[in-house]
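# quick one: sequence plus predicted model below, questions after.
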Amino acid sequence: MTRLAFGDRIMHIIIYTFLILLSFSALYPFWNALVISFNLGLDTSKGGVTFWPRVFTLENYEIVLNDKRLVNGMVISVARTVVGSAAAILMTAILAYGMTKRELIGRNVYMVYFIFTMYFGGGLIPTFLLIRSLGLMNTFWVFIIPALISVWNMIIFRTFFRGLPAGLEESAKVDGCSNWGILFRIVLPLSGPVIATLALFTAVSHWNDWFIASIYINNEKLLPIQTMLRQILNANIVTDMSNNLDTASQARIESARTITTKSLTMATMMVATLPIVLVYPFVQKYFVKGVLIGSLKE
C-alpha cells in the first residue's frame, strides 16, 4: 500500500472532518426531532433534550395514532402521492415524447409557450377563480389535475428520449408499430432511471405540499397530513386531539398534563416524514444517471 505524503494526510483529515461536521449538521435536526417525539412533553419544555430522550414516553405517538383526523390525513397523502405521481409522470412523458417529433407543426412555438409558463404565472387569485370555475374546490382532484404537467420534467424527459438510438423507433415503425406502441413498448421501458428519479421528486412534492389544501379544501376529510401538521402548530389543537382518545388514556394524559404543542408536533412530523424517507433507498441507484440527464446539452 502506498504511503501518503504528510501534506496529503493533513488534507484528508481536513476533508473528512469537514464532511463529518457537514453530515452531522444535516442529520442532527432530524435526530433531535425524533428524540423530542419520544420525550415527555412537559420535560421537553424545560430544555436540554439533545441526543437521547430524558423521560421516555409513547404518549405523543398515542395521541397522533389515535386521532382519526391524522390517520385520515395520512390516507389522503398516500393516495394523493401515488395517484398524483403516476398521473403526472405519464402525462409529462406523453407530452415530452410528442415534443421530440421534428415533424410536429409549431413545435418551437409550443416549446416557447411551455417555457414561458415556467417563469410567469397567473397569480393566486386568477388561479383560485379558475379552480373554482372548473369545479375542483373541495375535491380530491384539485391535488391531481393542476399538477399533471411539469415543464421542467418534460424537458428532462425530452432530452432523455432524444438520446435513445433512432434505430429502435425506425425498426419498430417498419414492423408496423404505432407511436403509442413505440412509447409504451420501447421508449418508457428503456427510461427506468429518468422515470424513477422524476417520480421520486414528484412524489416528494406531493407529499410535502400543504398549501394547496389550505387554499382549496374546506372539508376536513380531504386534508392531507402535512396540512394537519401545520394546524397542530396552533396550541388549541392539542386539546382537540386529546379529546379523541379513549376515556382511560384521556384521563391519564390530562391528569399528568404532559402533552405540549412541541412534543405533539415532533411526533406528527415523524409519522409524516417516515413513509417518504423509506422510498429513497429503493431508487437511490437511479439518482446519478437520472439527475445528470438534465445537464446534457441537446
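It's in. Numbering: from 1, shown residues only.
# what's the burial count for the residue lying closest to Val55 once chain neighbours are set aside?
Counting by Cβ to Cβ, 6 or more residues apart in numbering, Val55 lies nearest to Leu40, which is 3.9 Å off, once chain neighbours are set aside. For every residue, glycine as well, the C-beta is placed using N, CA and C. Applying other Cβ atoms under 10 Å, we find 22 residues neighbouring Leu40.
# from Lys262, how far out is Leu40?
Remark: distance between Leu40 and Lys262 (Cβ to Cβ, to the nearest Å) = 11 Å.
# repeat that for Ile145.
Ile145 is 37 Å from Lys262, by Cβ to Cβ.
# more crowded one of those two?
Remark: of Ile145 and Lys262, Lys262 carries more neighbours, 20 against 16, as counted by other Cβ under 10 Å.
# pretty sure the more buried one is touching Asp43, no?
No. Look at Lys262 against Asp43 with Cβ atoms under 8 Å: they stay out of range, at 11.2 Å.
# the residue most central in space within the chain: what's it in contact with?
In the chain, the residue lying closest to the centroid (Cα atoms, centre = their mean) is Val204, at 1.1 Å. Each residue near Val204 by Cβ atoms under 8 Å, 6 or more residues apart in numbering is listed here: Ile276.
# also Ile215?
124, 128.
# so, low pLDDT: which residues of the chain?
Along the chain, segments meeting pLDDT under 70 span 1-2, 4, 233-258, 283-298.
# domain parsing for it?
6-57, 60-295 (automatic domain parsing).
# deepest-packed of those domains, please.
domain 60-295 (a mean of 16; mean count of other Cβ atoms under 10 Å).
# from the chain's centroid, how far away is it?
6 Å (Cα atoms, centre = their mean, to the nearest Å).
# which residues touch stretch 164-182?
Residues contacting stretch 164-182 (Cβ under 8 Å, 6+ apart): 97, 185-187, 190.
# which ones among these lie within strands?
Within those, no residue falls in strands by DSSP state E.
# out of those residues, who's nearest Trp210?
Taking Cβ to Cβ as the measure, Trp210 sits nearest to Tyr97 out of the contacts of stretch 164-182, at 32.8 Å.
# how about the helices of the stretch 1-150 of the chain, start to end?
For the stretch 1-150 of the chain, applying DSSP state H, counting those that start in this stretch gives helices covering 6-37, 41-44, 59-66, 68-99, 107-119, 124-133.
# before we move on, back to that, in what helix or strand does the residue nearest to the centre of the chain lie?
Val204 belongs to helix 192-208 when assigned by DSSP states H and E.
# what's the angle from that helix to helix 68-99?
140 degrees (axes from the mean of the first three to the mean of the last three Cα atoms, to 10 degrees).
# can I get the CA coordinates of helix 192-208 in PDB?
In PDB, the C-alpha atoms belonging to helix 192-208 read as follows (Å, rounded to 0.1, in the frame of the first residue of the first chain):
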ATOM      1  CA  GLY A 192     -36.200   3.500 -16.000                       C
ATOM      2  CA  PRO A 193     -33.600   5.900 -14.500                       C
ATOM      3  CA  VAL A 194     -35.300   9.100 -15.500                       C
ATOM      4  CA  ILE A 195     -38.800   7.800 -14.600                       C
ATOM      5  CA  ALA A 196     -37.600   6.700 -11.100                       C
ATOM      6  CA  THR A 197     -35.800  10.000 -10.500                       C
ATOM      7  CA  LEU A 198     -38.600  12.300 -11.600                       C
ATOM      8  CA  ALA A 199     -41.300  10.100  -9.900                       C
ATOM      9  CA  LEU A 200     -39.500  10.500  -6.600                       C
ATOM     10  CA  PHE A 201     -39.100  14.200  -7.000                       C
ATOM     11  CA  THR A 202     -42.800  14.500  -7.900                       C
ATOM     12  CA  ALA A 203     -43.800  12.200  -5.000                       C
ATOM     13  CA  VAL A 204     -41.900  14.300  -2.500                       C
ATOM     14  CA  SER A 205     -43.500  17.400  -3.900                       C
ATOM     15  CA  HIS A 206     -47.000  15.900  -3.500                       C
ATOM     16  CA  TRP A 207     -46.200  14.500   0.000                       C
ATOM     17  CA  ASN A 208     -44.700  17.700   1.400                       C
END
